[in-house]
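Student: Pasting the sequence and the predicted coordinates here, then a few questions.
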Amino acid sequence: MQAVILAAGEGKRVRPLTKNRPKAMIQVANRPIIEYVIDALVKNGIRDIIVVVGYRKELVTRYLNNLDIPVEVVVQNKQLGTGHALLAAEPKIQGNFIVLPGDNYIDPASIARIKDHSNAMLVKEHPSPSNFGVVMLSNGHVTQIIEKPAHAPSFLVSTGIYSLTKDFFSHIRENNLTDAISSLIASGVKIQGIPADDWQDAIYPWDLLKMNRRFLQNISPTHDGTISRHVSIHGAVQIGKGSTIGPNTVINGPVVIGNDCRIGPNCCIQPNTSIGSRVGVEPFTVMGDTIVMDDTTIGSHSRVFDSIMGERCKLADHLSISTITGIHDIECSPTRSEFGAILGDSVVSGPFLILKNTLVGNNVTIEGNTSFSSRQVQDNSLVI
Amino acid sequence: MCGIIGYTGKKNAAPILVEGLKKLEYRGYDSFGIATADGAISVIKKEGRISNHAGNAGTLKGTRGIGHTRWATHGIPNDKNAHPHTDCTNRIALVHNGIIENYAELKRELIKRGHVFRSDTDTEAIVHLVEEEYAKQHDLPEAVRAAVSRLKGSYALLVLASDEETIVAARMASPLVLGIGDAETFIASDITPMLEYTERVIFLDDGDIAAVTRDDVSIYHNCERVERPVELIDWSVEDGKKGGFAHYMVKEIYEQPQVFYNTIRGTDDASLPDYYRMKDPITIVACGSSYHAGMVFKYLLEECCQVPARLDYASEFRYYPSPASGLVIGITQSGETADTLVALRLAKAHNCHTLAITNVLGSTVTRLADTTFYMRAGPEISVAATKSFIAQLAVLMQIINKFCGNNHSDTLLDAHTAIEEVLLMDISETVALCENARSIFYVGRGPFYPVALEGALKMKEISYIHAEGYAAGELKHGPFALLSDKTPVIALCMPGETYDVMISNIKEMKARGSPVIAIGRNGDTNLPEICDVFIPLPGANIFTQILTATVVLQLIAYHTAETLGRDIDRPRNLAKSVTVE
């Protein structure tokens, strides 16, 4: 059995986090989303894995090369759509195969349910079906897929995970995978709709926080690095090699901390926090429900909740982030959201910055004593 | 500077040799050949690259064999000059890496005794010598010993005989490694072909002769049996694979943030021996990219530590009077660069303390030097050096840091993030300016002068566009005559004491009509106004500015060569480790 993982697309709605990496490569609970997909396949004994890369392909390929599980990499040179991406893998396909998005989580049991069917798709109910392909079923077979309808006739959506045969390639005429599936149905092939158990997609950047909470439920505690004996740790906490946790720091799991981090003294890391590698958290800072990516530093006396910080940010002391509800224009459609702050890569800020429900782009510099509420700061801005 | 490989074991030798030669191709690729023994000796050899047309080479029968990929020194690259070479009776085959200096004399002598030469190579003389000795005593290791005792020059050679289970290896001033597998033994110029099969290796010393069978290795030195230690290699197979990248070079460019970080971490607690603090004269010897790394070091050492240093091309070192004391630092990625080895030997003979900076565990330079610092770059396959250059800078910057009492530790530990940011930049505008150029000038001042030299070297070696690095002030003294709208100039213009005068230089070049690509610090408001393309780099200090500028120049060279469709990993006429003087 072969599997094709589609990881070529950017995921524009997740900007600013996808400026420097495709959505599949965003680290959630310190592992890129695609790694959970590969894990689920391997747990099903599927080891012949082909990954289609495109957007920022060098970074994805570099990452895949370092995995323990060898995968084959093929390149989609222009990102024209999911069907077009799948075509890049066609020369490698021998028989039946599974195709799945690299940026959605799927549990291994659901894959087990679909892998022995030759034409099937995993479907799942979703509270906001209009963001997906809505699926109409009859007798367990798919009759129609309606791509992102304004008024969805059902809550059942396509997960983008299919079990297909080699014949399928002859149906890819447009660039879109869904169109090819519709063409397959029109040709009289019956496609079974099989319910998925646990499937997670992050449409908007703040959805990653929910995914983060979900993934952190499964971590097993490991305490490497240098941990002061005056540190108090509760629940499942992972601390990577070379990290130092200063005295009087309190960590309430589930929390993951990568390698070579410097945290504390006197910090408080609350549940559902993922901290990457080489991250610095300076004294008297409290954080929770947050993702901090590699090489970022958060200054002392800061408060960070419901937030995502990109890589290589340098955030000065007394950063204060609070969670409120607001409306953001994402790809020209107003979207309601509730979060603290989402920062791209290489954001530099001065002391006493206040952020509420704010999206900050990549390479942004913000002077101190600034306050933003329900705002979007564009990439490469300088805020004085 | 050729690659050689031998195998004896239970499997068919030919496919293993073919795959192994592909991994050694960086050492030379103008012709290749393999020979296997299965009752009789069969040979297939051809002009060209094994990776392009291995043809039926993999179909030869036999469980022992030898192979060769060539970088021509004596005799043009063609089928008959390709190795292996066989004796008059076709019972002995031989592959050789190195140069035999007295081959003309040996050849005359052998022809007089009735031997028929079929090639123009120096190597063929050796196989006829072995043939004569083997006829006398029918003991292959002894025959090879007697034959090589007649040779002057450098060699790593493998000898295969049709009626003898043993493959004999001999080494003098060219690298040779044995790989100990499970009922199989490998012999090769370096460890990359055997990584897939074993991690246990034995490095041979100069003068060693090894008799190798599938389950036994006997090593002789001056006719006496000696033991050489078995060492474990921690490079993984994946490191040596392209893994989905279009070229090794781009794979290695993208590995640089990790390589820099690993090297800095790996040399973090390496203490500098006392002699560094004695402020004795310091001399740096190196070739190619390593020389440029050495020049960066010289600038930084003099600027940050007020220690004067002398820098020589390793090939020129011997033509100056040698320093009578002090420290001589030799920089060589492979640890096998012949010129650097000669220079270090000379320095040692003059009682200097020698320090080697190399990437390859167990390489010749590590036996020669008093102290070795390893860069942790992993195997570098692309002929154009990228990650090894960055790793050299990491080691050298760490030495500066130690000199200055660890003042720059935080900067160095953080520098990989700036390199990563450069990898994310879009340089297509620059590439569009470069791809149609006939000549490109790279200019910089201070430590950015060697960065300019390195950038120009990358451009010329992989894109075949003529590129020259200059100290920015020197351009006026002649090369200005060449400036026109067809000769883009890439100017490195970072804040600091060189900034103002660089701005004036750029204006002078603009006035001669050259398109100027300025590489500067992000946030610079002057540069975008006076140049055609501005590339803003992160980097708040001299260390990260050097690193980021180096990486952006690598990317410009790579993408230009890619647009032009060049053979990036194996540029014409080159080989990776230059093991001849």
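Tutor: Ah, there it is. Numbers count the residues shown, from 1 in each chain, chains lettered A, B, ... in the order given.

Student: Would you agree B:Ala356 falls within a strand?
Tutor: Yes. Under DSSP: H, G, I helix; E, B strand; the rest coil, B:Ala356 falls within a strand.

Student: what's it in contact with, if anything?
Tutor: B:Ala356 sits next to B:329-332, B:335, B:344, B:365-366, B:368-369, B:371-373 when contact means C-beta atoms under 8 Å, 6 or more residues apart in numbering or on different chains. In short, each C-beta sits where N, CA and C put it, glycine included.

Student: Tell me how far it lies from chain A.
Tutor: Distance, B:Ala356 to chain A, by C-beta to the nearest C-beta, to the nearest Å: 28 Å.

Student: go on, B:Lys61?
Tutor: From B:Lys61 over to chain A the distance is 31 Å, taken as C-beta to the nearest C-beta.

Student: Just confirm that residue contacts B:Ala35, I think it does.
Tutor: No. Under the criterion of C-beta atoms under 8 Å, B:Lys61 makes no contact with B:Ala35, lying 11.8 Å away.

Student: out of the two, which sits in the busier spot?
Tutor: Neighbour tally, B:Lys61 and B:Ala35, criterion other C-beta atoms under 10 Å in any protein chain shown: the higher count belongs to B:Ala35, 31 against 14.

Student: quick check, the more buried one in a strand?
Tutor: Yes. The secondary structure assignment for B:Ala35 places it in a strand, going by three-state DSSP.

Student: Okay, and the beta partners of the nearest residue to A:Asn357 once chain neighbours are set aside?
Tutor: The spatially closest residue to A:Asn357, leaving aside those adjacent along the chain, is A:Gly326, at 3.9 Å (C-beta to C-beta, 6 or more residues apart in numbering or on different chains). Partner residues in beta bridges with A:Gly326: A:Ser337, with DSSP bridges as the criterion.

Student: quick one: A:Gly326 from A:Asn131, how far?
Tutor: Here the criterion is C-beta to C-beta, to the nearest Å. By it, A:Gly326 lies 19 Å from A:Asn131.

Student: Which neighbours do B:Lys61 and B:Ala35 have in common?
Tutor: When contacts are counted by C-beta under 8 Å, 6+ apart, B:Lys61 and B:Ala35 are jointly contacted by B:Ser42.

Student: Could I get the contacting residues of residue 9?
Tutor: Looking at chain A here, since you left the chain open. If you count contacts by C-beta under 8 Å, 6+ apart, A:Gly9 has them with A:22-23, A:54-55, A:79, A:82, A:85, A:103.

Student: please go with chain B instead
Tutor: The neighbours of B:Gly9, taking C-beta under 8 Å, 6+ apart as the test, are B:63-64, B:181, B:183-185, B:214.

Student: And for B:Tyr248?
Tutor: Shown here is B:Tyr248, whose contacts under the criterion C-beta under 8 Å, 6+ apart are B:242, B:380-382, B:569.

Student: Looking at those, spot the one nearest A:Gly225.
Tutor: The shortest approach to A:Gly225 among the contacts of B:Tyr248 belongs to B:Glu380, at 31.3 Å (C-beta to C-beta).

Student: so what's that closest one scoring on pLDDT?
Tutor: The score at B:Glu380 is 85. That number is its pLDDT.

Student: give me the number of residues near it?
Tutor: Look at B:Glu380: counted by other C-beta under 10 Å, it has 29 neighbours.

Student: what's the helix or strand for the nearest residue to it once chain neighbours are set aside?
Tutor: For B:Glu380, ignoring the flanking residues on the chain, the nearest one in space by C-beta to C-beta, 6+ apart is B:Ser388 at 4.8 Å. In the assignment (DSSP states H and E), B:Ser388 maps to helix B:387-403.

Student: mean confidence score for that helix?
Tutor: This predicted structure assigns helix B:387-403 an average pLDDT of 92.

Student: re earlier: can you list the contacts of B:Ala356 in TSV and add distance to chain A?
Tutor: Listed next are the contacts of B:Ala356 as TSV, based on distance: C-beta to the nearest C-beta, whole Å:
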residue	distance to chain A
B:Ile329	29
B:Gly330	31
B:Ile331	26
B:Thr332	27
B:Gly335	25
B:Leu344	35
B:Val365	29
B:Thr366	27
B:Leu368	34
B:Ala369	30
B:Thr371	26
B:Thr372	25
B:Phe373	21
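
Student: Redo those as CSV? Include pLDDT, neighbour count and secondary structure.
Tutor: Compiled in CSV, these are given as follows (pLDDT from 0 to 100; neighbours: other C-beta atoms under 10 Å in any protein chain shown; DSSP: H, G, I helix; E, B strand; the rest coil):
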residue, pLDDT, neighbour count, secondary structure
B:Ile329, 92, 27, strand
B:Gly330, 94, 32, strand
B:Ile331, 95, 31, strand
B:Thr332, 93, 30, strand
B:Gly335, 88, 27, coil
B:Leu344, 92, 27, helix
B:Val365, 89, 22, helix
B:Thr366, 87, 16, helix
B:Leu368, 87, 19, helix
B:Ala369, 90, 23, coil
B:Thr371, 87, 16, strand
B:Thr372, 88, 18, strand
B:Phe373, 88, 21, strand
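
Student: circling back to that earlier point, filter the contacts of B:Gly9 to the buried ones?
Tutor: Using 16 or more other C-beta atoms under 10 Å in any protein chain shown as the burial test, the contacts of B:Gly9 include B:63-64, B:181, B:184-185, B:214 as buried.

Student: just these now: which is nearest chain A?
Tutor: For the buried ones among the contacts of B:Gly9, the closest approach to chain A (C-beta to the nearest C-beta) belongs to B:Gly181, at 21.1 Å.

Student: what's the spacing between the nearest residue to the closest one once chain neighbours are set aside and B:Glu316?
Tutor: Across the structure, with C-beta to C-beta, 6+ apart as the measure, the residue nearest B:Gly181 apart from its sequence neighbours is B:Thr198 (4.2 Å). With distances defined as C-beta to C-beta, the gap from B:Thr198 to B:Glu316 amounts to 40 Å.

Student: Touching, B:His559 and B:Ser428? I think so.
Tutor: Yes. Under the contact definition of C-beta under 8 Å, B:His559 touches B:Ser428, with a separation of 7.4 Å.

Student: returning to what we had before: neighbour count winner among B:Thr198 and B:Glu316?
Tutor: The residue with more neighbours, out of B:Thr198 and B:Glu316, is B:Thr198; 18 against 12, by other C-beta under 10 Å.

Student: How is that one assigned, secondary-structure-wise?
Tutor: The local conformation at B:Thr198, judged by three-state DSSP, is coil.

Student: what does the model give the residue in chain B that chain A sits nearest to for pLDDT?
Tutor: The nearest approach of chain B to chain A comes at B:Gly244, 2.7 Å away (C-beta to the nearest C-beta). Looking at B:Gly244, its pLDDT is 81.

Student: Done for today, thanks.
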